[in-house]
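**Q** With the sequence up front, the predicted model follows.
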Amino acid sequence: MPALALYTPEASPELTQLLDLGGYVWKRIVTVNDVVDLEPQESWAGAIIQLGEDPERGWTIVRSLRGKDIPIEPVILLTRENQLHQLQLNDELFDDFCLDPFHPHELKARLTHLFTSELDSNTSNLIEYGPLLINLETYEAVVEGQPLDLTYMEYELLRFLAVAPGRVFTREILLNQVWGYEYYGGARTVDVHVRRLRAKLGEENANLIQTVRSVGYKFGKSRWQ
């Protein structure tokens, strides 16, 4: 899954946490050069631009994204109320906006509307990584041609990790995204399922799921490393 370009001049932890909890893959860009230098091999999946106190810097990033041979879309702006007048002059540069400071529920809804259909349309029914093949339609996983006998939650955990290779997820994010916000189990639940998955992947492939000490887990390596 390609990454979203994220421009946030003030490094907003609320914004990055919302993206992580939503399962989005993102890369932070700081300068216009980053638009090209950090671009995934499959191009950007879209962009989130927080205009902040210096909106012209943000607009410069947006123009760079939209000015590519194949313009990057969709683009959502986080704009302050006193910057709204700028939107009418640049309406061709973005697809949606949200007032900043943002309400998490509103921004989450707008991101879902913009990006879910876009990502779904670009996502194959198969996830392939080395010896592992996951079929999203049949809920089956195969390693080195041999079907894996997975429980539903083991499959969901493996699928969630494999969609974003190289991305590190905390145990809390995995609990929220795989088991759901209403699940009250502790972090040990994640550890137990990871241990079972590694056993089923076999000794040669157990390292597909890597432990990041004091943080959580990641699957394989990023496709853009």
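**A** That came through, no problem.

**Q** Break this protein down into its structural domains.
**A** The chain breaks down into these domains under automatic domain parsing: 4-122, 126-219.

**Q** Turn those domains into JSON lines, including mean neighbour count and mean pLDDT.
**A** Placement of C-beta: from N, CA and C, glycine included. Formatted as JSON lines, the domains of the chain follow (neighbours: other C-beta atoms under 10 Å; pLDDT from 0 to 100):
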{"stretch": "domain 4-122", "mean neighbour count": "16", "mean pLDDT": "88"}
{"stretch": "domain 126-219", "mean neighbour count": "15", "mean pLDDT": "89"}
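
**Q** all strands of this structure, in order?
**A** 4-7, 26-28, 47-50, 75-79, 96-99, 126-129, 132-135, 140-143, 146-147, 168-170, 209-212, 216-219 (DSSP state E).

**Q** who's in contact with the longest one?
**A** The list of residues contacting strand 75-79 from outside it, by C-beta atoms under 8 Å, 6 or more residues apart in numbering, reads 15, 46-51, 55, 58, 62, 65-66, 86-87, 93-100, 102, 107, 110-111, 114.

**Q** quick one, helices of this protein?
**A** 13-21, 32-37, 55-66, 85-89, 104-122, 152-163, 171-174, 187-201 (DSSP state H).

**Q** Please convert those to a markdown table, extending it with distance to Leu208.
**A** Output for those, formatted as a markdown table (distance: least, C-beta to C-beta, whole Å):
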| stretch | distance to Leu208 |
| --- | --- |
| helix 13-21 | 21 |
| helix 32-37 | 29 |
| helix 55-66 | 33 |
| helix 85-89 | 45 |
| helix 104-122 | 23 |
| helix 152-163 | 8 |
| helix 171-174 | 15 |
| helix 187-201 | 6 |
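
**Q** Which among those is found nearest to Pro74?
**A** Closest to Pro74 of the helices of the chain is helix 104-122 (C-beta to C-beta; 4.6 Å).

**Q** related to what we said a few turns ago, so which of the helices of the chain comes closest to Lys221?
**A** Per C-beta to C-beta, nearest to Lys221 of those: helix 152-163, 12.0 Å.

**Q** ok and the closest one relative to helix 187-201, angle-wise?
**A** Helix 152-163 and helix 187-201 are oriented at 80 degrees to each other (axes from the mean of the first three to the mean of the last three C-alpha atoms, to 10 degrees).

**Q** Noted, bye for now.
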